[in-house]
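1. A structural model of the following input is requested.
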Amino acid sequence: MRLTTGVWTCLLAAGVLGWGAVRSPATQADEPQRPNVLFIAVDDMNCDLGCYGNGQVLTPNLNALAARGVQFDRAYCQFPLCSPSRTSLLTGLRPDTTQVFNLKKHFRSVLPDVVTLPELFKNNGYFVARVGKIYHYGNPGQIGTNGLDDEQSWHERINPSGRDKKEESQITNFTPRRGLGSSLSLMAAGGKDEEQTDGIVATEAIRLMREHKDQPFFIAAGFYRPHCPYVAPAKYFDLYPLKSISMPPLTDDELMGVPAMALSSTAPRPWFGVAEIEARRAKQAYYACISFVDAQVGRLLTELDQLGLRENTLIVFWSDHGYHLGEHGLWKKQSNFEESARAPLIFAGYGVPSHGKRSLRPVEFLDIYPTVADLCGLKPKGNLEGVSLRPLLTDPAATWDRPAYTQVDRNGKPGHSVRTQRWRYTEWDNGRAGKQLYDHEADPRELMNLADDPAHAKVVAEMQTLVRKNWPTDSYSNRGADAKPPAAKARR
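-> Prediction:
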């Protein structure tokens with residue numbers, strides 16, 4: 001029996017009210033010295049969440065998590081593609097250091113001795129395990145395998161495979177020339193949440209928390225949705241009537257002066273050439289997957305409370321990058337627009353003194369590693385390229401002068417982007433293939449490229465200086481042929 005939107009929402013809300021209620025934090029003297037870490041990753045989730053201001057998408061559990069901690073409204077990945085982003089986050093190093101720019105190369109081939117974030121905890125006496133996708137592996141092709149995982153990061157690895165994998169033949173693919181991992185495809189599945197791969201991720205992570213509740217743990221739960229194919233139990237589709245789903249408008253004006261490389265992540269445009277009704281159905285399914293994953297996150301948070309571990313557990317929630325749902329005619333990731341580069345990031349629990357606060361400071365996913373280590377009292381080995389966000393967890397409005405950098409690759413040519421509090425500036429092929437400048441105070445949807453406006457020449461020069469500081473001119477060409485990603489048709 002399917003649940004109506006109102007009934008399902010009420011049930012979820014009832015389930016999370018206890019978790020979302022704010023408790024008095026333990027005093028410093030009472031706090032255990034070795035906090036746990038619950039490290040929650042999602043795949044291809046953008047910021048279309050309730051707590052991020054999307055009034056349509058139902059995410060009561062993530063809303064409750066944000067209400068207990070600090071939500072970063074301007075958090076940016078370093079490379080909007082699964083493996084480069086996850087590698088950068090987990091090593092604390094930029095893609096130009098890891099040399100991972102595609103879905104095939106493993107960072108150990110370049111940095112064999114690097115100590116990853118989970119490995120740091122493993123080396124310091126923690127039980128360290130992952131369930132599901134933390135490092136990259138192909139979704140859905142490599143579900144049930146280790147994929148491109150890093151074995152030495154973990155004591156235990158669990159690779160769930162559920163009903164969604166077994167029933168792939170029933171999925172509707174609106175882009176049949178594209179494999180499922182890069183498609184616009186969907187299925188309103190039968191059965192229970194727990195039968196899906198992501199339901200199994202939650203079940204197994206809960207089991208690990210129960211088994212290791214009496215010792216310090218670092219448990220990483222990696223969910224596979226809302227990555228395509230967009231598969232979730234049918235009740236989650238019912239939350240989003242198709243008549244309520246619309247596509248963002250696309251005008252000629254917003255494309256005026258935009259470099260061709262900036263729009264090349266989706267071909268053909270718009271929306272890989274599907275009909276509008278198919279694009280709307282795909283967006284509906286994507287939102288259904290977000291709510292499905294939110295429910296699984298809620299299971300983890302409820303279990304944490306039932307085990308009495310709330311006060312002594314640092315919770316980190318992140319997505320590997322953002323995701324286009326039709327903006328500028330684009331779909332998925334691999335652009336330097338805001339929708340692709342920006343992703344959810346929430347810290348809550350142990351060591352996070354602020355509750356229900358939002359930080360508007362631009363931060364990088366590189367900062368996650370040093371922040372988690374800092375809050376847990378561990379000293380990383382080597383020179384990480386991010387910094388601890390502890391000052392912003394204490395005061396989300398604190399002074400912060402660090403910009404956020406994001407890069408992509410288009411057929412061996414770079415797109416370099418820098419985001420400050422107000423501006424986004426992007427150069428393609430070191431400026432030879434065009435530039436973009438957007439004023440987020442006046443133009444948060446990035447519809448008017450100001451790069452060639454003489455009135456903004458000074459801003460362009462300032463932003464160019466930041467780009468050159470992070471990427472010296474033509475340094476990209478020194479990577480070597482093996483560092484270049486595969487041809488566009490092979491990407492996901």
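2. After the biggest helix by length in the chain, which helix or strand is next?
-> Using DSSP state H to define each element, the chain has its longest helix at helix 276-306. Scanning forward in sequence from helix 276-306 by DSSP states H and E, the next helix or strand is strand 313-319.
3. Just checking: what are the partner strands of that next one?
-> According to DSSP bridges, strand 313-319 forms sheet pairs with strand 36-43 (parallel), strand 345-349 (antiparallel).
4. coming back round to it: which parts of the longest helix of the chain are buried?
-> Neighbour-count burial for helix 276-306, counted by 16 or more other C-beta atoms under 10 Å, picks out 278-304. Just so you know, the C-beta spots here come from the backbone N, C-alpha and C atoms, and that holds for glycine as well.
5. and if you look at stretch 105-117?
-> Residues of stretch 105-117 classed as buried: 105, 106, 107, 110, 111, 114, 115, 116, 117 (neighbour count, 16+ other C-beta under 10 Å).
6. Out of those residues, the closest to residue 348 would be?
-> Closest approach to residue 348 among the buried residues of stretch 105-117 (C-beta to C-beta): residue 117, at 17.7 Å.
7. quick one, what contacts the closest one?
-> Counting by C-beta atoms under 8 Å, 6 or more residues apart in numbering, residue 117 touches 89, 90, 91, 92, 368, 369, 372, 373.
8. Look up phi and psi at it.
-> phi -60, psi -50 (degrees, to the nearest 10).
9. Quick check: pLDDT value at it.
-> The per-residue pLDDT reported for residue 117 equals 98.
10. Pick out the residue nearest the middle of the protein.
-> Residue closest to the average C-alpha location in the chain (C-alpha atoms, centre = their mean): residue 319, at 1.7 Å.
11. Verify the contact between that residue and residue 344 for me.
-> Yes: if you go by C-beta atoms under 8 Å, residue 319 and residue 344 touch, sitting 5.2 Å apart.
12. overlap in contacts of those two?
-> 42, 45, 46.
13. nearest spatial neighbour of the residue nearest to the centre of the chain, skipping sequence neighbours?
-> Take residue 319 and drop its neighbours on the chain: the residue closest to it by C-beta to C-beta, 6 or more residues apart in numbering is residue 45, 3.9 Å away.
14. Residue 293 is in contact with that neighbour, correct?
-> Yes: when contacts are counted by C-beta under 8 Å, residue 45 is listed as touching residue 293 (7.1 Å).
15. Give me the common contacts of the two.
-> Here residue 45 and residue 293 share the contacting residues residue 226, scored by C-beta under 8 Å, 6+ apart.
16. tally of neighbours for the residue nearest to residue 319?
-> Residues within reach of residue 45, counting by other C-beta atoms under 10 Å, total 28.
17. now swap in residue 97 and tell me
-> Using other C-beta under 10 Å, residue 97 has 17 other residues around it.
18. With the one 4 residues further on instead?
-> Summarising burial for residue 101: neighbours were counted as other C-beta under 10 Å, giving 25.
19. Would you mind measuring from it to residue 410?
-> When distance is defined by C-beta to C-beta, to the nearest Å, residue 101 is 11 Å away from residue 410.
20. again, but for residue 378
-> Taking C-beta to C-beta, one finds residue 378 at 38 Å from residue 410.
21. Give me the more crowded residue out of the two.
-> Taking neighbours as other C-beta under 10 Å, residue 378 and residue 410 compare with residue 410 leading, 21 against 16.
22. Using PDB, write out the CA atom coordinates for the strand of greatest length in the chain.
-> What stands out as the longest strand in the chain, according to DSSP state E, is strand 217-226. Output in PDB follows, covering the C-alpha atoms of strand 217-226 (Å, rounded to 0.1, in the frame of the first residue of the first chain):
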ATOM      1  CA  PHE A 217      34.800   3.900  15.700                       C
ATOM      2  CA  PHE A 218      35.000   5.600  12.300                       C
ATOM      3  CA  ILE A 219      32.100   4.200  10.300                       C
ATOM      4  CA  ALA A 220      31.500   5.500   6.800                       C
ATOM      5  CA  ALA A 221      28.100   4.900   5.200                       C
ATOM      6  CA  GLY A 222      28.100   5.500   1.500                       C
ATOM      7  CA  PHE A 223      24.700   5.700  -0.200                       C
ATOM      8  CA  TYR A 224      24.300   5.200  -4.000                       C
ATOM      9  CA  ARG A 225      21.400   7.500  -4.600                       C
ATOM     10  CA  PRO A 226      20.300   9.800  -6.000                       C
END
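23. partner strands of it, parallel or antiparallel?
-> Here strand 217-226 is paired, per DSSP bridges, with strand 36-43 (parallel), strand 127-132 (parallel).
24. ok now the first one, how far from the chain's centre?
-> When distances are taken as C-alpha atoms, centre = their mean, to the nearest Å, strand 36-43 is centred 11 Å away from the chain's centroid.
25. what is the mean pLDDT for stretch 345-364?
-> The average pLDDT within stretch 345-364 is 97.
26. which parts of that stretch are buried?
-> By 16+ other C-beta under 10 Å, the buried positions in stretch 345-364 come out as 345-352, 354, 357-359, 361-364.
27. what does stretch 48-68 give?
-> 48-52, 57-68.
28. what about it, start to end distance?
-> By C-alpha to C-alpha, to the nearest Å, the extent of stretch 48-68 from end to end equals 19 Å.
29. roughly how far is stretch 279-298 from the heart of the chain?
-> 15 Å.
30. List the contacts of stretch 435-450.
-> Residues from elsewhere that reach stretch 435-450, judged by C-beta under 8 Å, 6+ apart: 251, 253-254, 256-259, 262, 327-328, 336-338, 422-428, 451-453, 456, 459-460, 463.
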